[in-house]
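Asker: Sequence first, then the predicted structure, then my questions.
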Amino acid sequence: MFLFKLAFLNITRNVRRSLITVMAVGVGLAALIFLWGFNDGTIEQMRENVIRLFTGHVQIHARGFEKSLSPELFLAQREKVLIDVAANPAVSRITERVKCEALVGTSENSRGVLLVGVDPERERQITDLEDHIEAGRYLEPDGNREILVGDRLAKKIGLDLDDKVVVMTQAMDGTLAGYAYRVKGIFHTGSQQIDEVSVYITLASAQELLGLGEDVHEIVIQLSDRKGIEPFLEWAKISLGSEKYEVLKWNELIPEVDQWTQWAEAVIGTILIAVMVVIGVSIMNTVLMSIYERTRELGVMMAIGTSPSQIVQLILLETLILEGLGIILGLVGGYLVTIYFGEVGISFHGVEEAFSRSYMSTVVFTKVEWPHVVQSVITLILLTSFIGLYPAWKASRMEPVKAIYYS
Amino acid sequence: MFIKAENISKVFQDRSLPVTALKAVSVDIEEGSFTVLCGPSGSGKTTLLNLLGCLDRPSGGRVFLRGEEISALSQEKLTRYRLRKIGFVFPDFNLIPTLSAVENVEYVLWLQGISGTERRKRAAAICERFGIGALIHRRPRELSRGQQQRVAVARAIVHKPELVLGDELTSNLDHKTGSELMGFLKELNREEKMTFIYATHDPVMIERAGRVIRMQDGEVVSDEKTRVHA
């Protein structure tokens, strides 16, 4: 306690210098917490965007379908699979899709697309495609010659509402199949992938086009909680068997989100190290200055019996107090700022083009993820304590006589 | 013999030039004695004091305390030795400015591992004895030089060391305060049987010592016992 009191009194000798150091630690940590909050909020939104826009939590296909999109790879024993999956208590909603590569063309332009046949009613329970319709309307359940296109595709091939397009694809029997559809809705999700490449027709229409009968290519599953994905995959592996089906989670279907997460964490890790070094140098400067200013005093302390290890303890304690005050400041500041922007969001409407390539939302809501906060604080404590060892060691190596008569 | 220095010398390196501060000095100090080291500036008083007080190690020769060679001890052992057996009063007092008067005195007891209640009691008692009982919660800068000197002496003796060393104890004090301080030290010497060695130029201090060792150019030029004034 005596040592703590002495350390605390020592850092109050030059209040301004100590305050600057505490501010440096505090602002640095707050910036890191906010940065992590921004990253975590962005990634969380990307995950939800991917899940809510397209993939659901889990999809079941015939083995090899996801890679090849071959129309003949429809789901075997579709009804049994549906019944089994529906019986799983973790499953919240299910829908079915037909998916294939196709060519969409007008009289003047054409474009390769991903044709998706959806059940309009069940689809709207899992994905929020309907919410992204910017012009026109969503698919009617019996709208067998209706098509939804993304705004980017519409712009590229010059489509407008009620325009007629021809969709051509390879049918189940290998023949070329084609139908004409009316554009009933133009959607804008913000995702370049979806807005430029995907078109939607009804499930029945797609089954008819491909000659699939009642069969489908894909079962899309929404679980009641994202945390239930891994247990569901385990269950599916045992219950459905892995030889006929591929059961894929959302981030296997769209791996870009995980790649983005890794990249962002590496960037923030680099920033973290840079911030830590700046904070560490600031603390070391303060403590070194403080040691030089009281060289005689430290010499006297050693002369009257203070051991080198007690000098190290004292200097380290001073470092830790400065650091501790800065951490409290940084935690409170960083938490409040992150929570605030988690409520109001940060708008990036001006750079939507850049965001649209990676499923990012144009309004980012920051999010406090405590493991990242704890990681920042622990790194800060370890690194700055390590840096603080140098002045402590330097002070403990002083020779009492030289220090006392130091001028 | 309480302290015995045998042919001790000390050479400092001033940049690349060696400077000899002590040249083969031998002195014996008896237990309970009151010895003054005097001589002009640069004569080697402080260097000898530092060597006798385990603050520094000689370049040559040996120092014994109660027969144990202390000049060969490691820094760690020397630190422990100083803490247990030696009290120091430094020039300009060198109190810890952030601590109050009583905390400065308490500090040495804390180093010795004495519990909070006991050390506060002992520190307050010695401050009371030195006539600064009413000032114990003041910081050094709030005390006069004479009061600071008393705190420094209280800090040096609170743990009842066998040897008390002082360097230029009265150089910054007026005649009256310096004389009062000497009175205190003599009283301690008599009552606690502590051995005192101090370095000074001050004639008042010199004439009140029981033994005067005169130094010049790093050598002892005279060593005489005097008639002591109380």
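Answerer: Yep, it's here.
Asker: alpha carbons only for contacts and neighbour counts from here, please
Answerer: Noted.
Asker: for chain B, what are the nearby residues on chain A?
Answerer: Contact residues (C-alpha under 8 Å from any C-alpha of the partner chain) of chain A with chain B: A:2, A:6, A:9-10, A:13, A:296-297, A:300, A:302-308, A:400-401.
Asker: mind listing what B:Arg119 touches?
Answerer: When contacts are counted by C-alpha atoms under 8 Å, 6 or more residues apart in numbering or on different chains, B:Arg119 touches B:Glu106, B:Leu109, B:Trp110.
Asker: export those residues to JSON lines and tack on distance to A:Trp260?
Answerer: Below are the contacts of B:Arg119 laid out as JSON lines (distance: C-alpha to C-alpha, whole Å):
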{"residue": "B:Glu106", "distance to A:Trp260": "60"}
{"residue": "B:Leu109", "distance to A:Trp260": "60"}
{"residue": "B:Trp110", "distance to A:Trp260": "56"}
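Asker: Closest to A:Lys67 out of these?
Answerer: Proximity of the contacts of B:Arg119 to A:Lys67 (C-alpha to C-alpha) peaks at B:Trp110, which lies at 74.4 Å.
Asker: what's the following helix or strand after the host helix or strand of that closest one?
Answerer: Here B:Trp110 sits within helix B:101-111, counting by DSSP states H and E. Counting by DSSP H and E, the next helix or strand C-terminal to helix B:101-111 is helix B:116-129.
Asker: Beyond that next one, next helix or strand please.
Answerer: Per DSSP H and E, the first helix or strand lying C-terminal to helix B:116-129 is helix B:145-157.
Asker: Let me know the angle separating that next one from helix B:116-129.
Answerer: Counting by axes from the mean of the first three to the mean of the last three C-alpha atoms, to 10 degrees, helix B:145-157 lies at 130 degrees to helix B:116-129.
Asker: Near the closest residue to B:Met182 other than its chain neighbours, how many other residues are there?
Answerer: The shortest distance from B:Met182 to any residue other than its chain neighbours is 6.9 Å, reached at B:Met205 (C-alpha to C-alpha, 6 or more residues apart in numbering or on different chains). By other C-alpha atoms under 10 Å in any protein chain shown, the residues close to B:Met205 number 20.
Asker: Next: B:Gly113.
Answerer: Each residue near B:Gly113 was counted by other C-alpha under 10 Å, and the total is 10.
Asker: So for it, what's the pLDDT?
Answerer: At B:Gly113, the model reports a pLDDT of 91.
Asker: list the contacts for A:Ile83?
Answerer: Taking C-alpha under 8 Å, 6+ apart as the definition, A:Ile83 has no contacts.
Asker: Against chain B, how distant is it?
Answerer: 76 Å (C-alpha to the nearest C-alpha, to the nearest Å).
Asker: and that residue, which of the three is it?
Answerer: Of the three states, A:Ile83 takes helix according to DSSP: H, G, I helix; E, B strand; the rest coil.
Asker: cool, and the one 3 residues further on?
Answerer: With three-state DSSP as the basis, A:Ala86 sits in helix.
Asker: That one against A:Lys80, yeah?
Answerer: No. Between A:Ala86 and A:Lys80 there is no contact under C-alpha atoms under 8 Å: 9.8 Å.
Asker: quick one, which of these two is more surrounded?
Answerer: The residue with more neighbours, out of A:Ala86 and A:Lys80, is A:Ala86; 15 against 11, by other C-alpha under 10 Å.
Asker: what's the more buried one in contact with, if anything?
Answerer: Counted by C-alpha under 8 Å, 6+ apart, A:Ala86 has contacts A:Arg93, A:Ile94.
Asker: The residue nearest to B:Met182 looks like it's in a strand, true?
Answerer: No. Counting by three-state DSSP, B:Met205 is not part of a strand but helix.
Asker: Check what pLDDT it gets.
Answerer: The model's pLDDT for B:Met205 equals 79.
Asker: In contact with it, which residues?
Answerer: The neighbourhood of B:Met205, defined by C-alpha under 8 Å, 6+ apart, consists of B:Val36, B:Thr170, B:Ser179, B:Met182.
Asker: what's the most distant pair in those?
Answerer: Farthest-apart pair in the contacts of B:Met205 is B:Val36 and B:Ser179; separation 14.9 Å (C-alpha to C-alpha).
Asker: Which one of these two is surrounded by more residues?
Answerer: B:Val36 (27 against 16).
Asker: tell me the SS of the more buried one?
Answerer: Under three-state DSSP, B:Val36 comes out as strand.
Asker: That one against B:Ala199, yeah?
Answerer: Yes. With contact defined as C-alpha under 8 Å, B:Val36 and B:Ala199 form a contacting pair (5.7 Å).
Asker: ok, now which ones touch A:Gly305?
Answerer: B:Thr79, B:Arg80, B:Tyr81, B:Arg82, B:Leu83, B:Arg84, B:Val108, B:Leu111.
Asker: do you know how far it is from A:Asp160?
Answerer: Noted for A:Gly305: a distance of 89 Å to A:Asp160, by C-alpha to C-alpha, to the nearest Å.
Asker: burial measure for B:Gln112, as a count.
Answerer: Using other C-alpha under 10 Å, B:Gln112 has 16 other residues around it.
Asker: How about A:Glu243?
Answerer: Using other C-alpha under 10 Å, the number of residues around A:Glu243 comes to 9.
Asker: How confident was the prediction at the closest residue to it other than its chain neighbours?
Answerer: When the adjacent residues along the chain are set aside, A:Glu243 lies closest to A:Arg63, with 7.1 Å between them (C-alpha to C-alpha, 6+ apart). If you check A:Arg63, the pLDDT there is 92.
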